[in-house]
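J.: The following block contains a protein sequence and its predicted model.
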Amino acid sequence: MTQSTPSEHDRLSLVEAQVQTLAQAVRALAEGLEANPSQDTDTSAHAARGARLAHELLLAQGM
């Protein structure tokens, strides 16, 4: 039995989707680490929220 290999287009589409997901995760991490002096918020909670969002994005895409 032979396994069908994904076409070049399919592989490229997968890589593009993964790069987009990684970019969203990095954005969530960066926003979580940004400190806004005009807002009196708990920076560790803000960072944790960003990390959690990044993790959820990666898990949702099976990464």
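T.: Sure thing, it's come through. Because the structure is predicted, anything quoted here is derived from the model rather than measured.
J.: measure residue 30 to residue 47 for me?
T.: Separation of residue 30 from residue 47 (C-beta to C-beta, to the nearest Å) stands at 10 Å. To be clear about C-beta, it is placed using only N, CA and C from the backbone, and glycine gets the same treatment.
J.: More neighbours: these two, which one.
T.: For residue 30 versus residue 47, neighbours defined as other C-beta atoms under 10 Å are more numerous around residue 47 (16 against 11).
J.: Give me the pLDDT for that one.
T.: On pLDDT, residue 47 comes in at 88.
J.: Excluding covalently adjacent residues, which one is nearest to it?
T.: Leaving aside its chain neighbours, residue 47 sits nearest to residue 32 (4.6 Å; criterion: C-beta to C-beta, 6 or more residues apart in numbering).
J.: again with residue 51
T.: residue 32 (5.9 Å).
J.: Could you list the low-pLDDT ranges of this protein?
T.: 1-2, 37, 39-41 (pLDDT under 70).
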